[in-house]
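A.B. asks: Here's my sequence, what's the structure:
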Amino acid sequence: MPVRRILIVDDDPQMRAMLALVVGLASIDATTAPDADAALAAVEAEVPDAVLIDVRLTGRDGFALAAELRARHPALRLILMSGDVTADAMGEQARIAAMHFLPKPFEPAALLSLLGGC
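C.D. replies: Okay, here's the model as predicted:
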């Protein structure tokens, strides 16, 4: 089922804005959050179809956020992204059952493909 609403979590304001623009051009409603606490509050206010999470966040990292989101909303679609793709990162992704992992940098088409097919 295609994604209609997504939460984008990244501590880089330019990355958040760029990603929101990309998904917006594909008619996907984007909400953004700069950190884990803001993301949790946003999800509690309105559960999106998917959450795109940068692994390296200020404060609690993306893995911790994804694990908490998975515990609170088991069916929520999670996509992790990072410029540091390591075996440890992939193992952590599997542990929290994130649906996808996008290595940075990625082409907008790669993200949109995941969102259309999530």
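
A.B. asks: ok, and for stretch 16-30, which residues are buried?
C.D. replies: For stretch 16-30, burial by neighbour count (16 or more other C-beta atoms under 10 Å) applies to 16, 19, 20, 22, 23, 26, 28, 30. Using the backbone N, CA and C atoms, a C-beta is placed for each residue, glycine as well.

A.B. asks: Which of the helices or strands spans the residue positioned nearest the centre of the chain?
C.D. replies: For the chain, the residue nearest the mean C-alpha position is residue 52 (1.2 Å; C-alpha atoms, centre = their mean). Element membership for residue 52 (DSSP states H and E) is strand 50-54.

A.B. asks: lowest average confidence, helix or strand, in the chain?
C.D. replies: helix 87-96 (a mean of 62; mean pLDDT, DSSP states H and E).

A.B. asks: for whichever helix or strand comes after that helix, what is the average pLDDT?
C.D. replies: Sequence order places strand 100-103 as the next helix or strand after helix 87-96, per DSSP H and E. Mean per-residue pLDDT for strand 100-103: 83.

A.B. asks: I'd like to know which elements strand 100-103 is packed against.
C.D. replies: strand 77-82, helix 87-96, helix 108-117 (3 or more C-beta pairs under 8 Å, 6 or more residues apart in numbering; DSSP states H and E).
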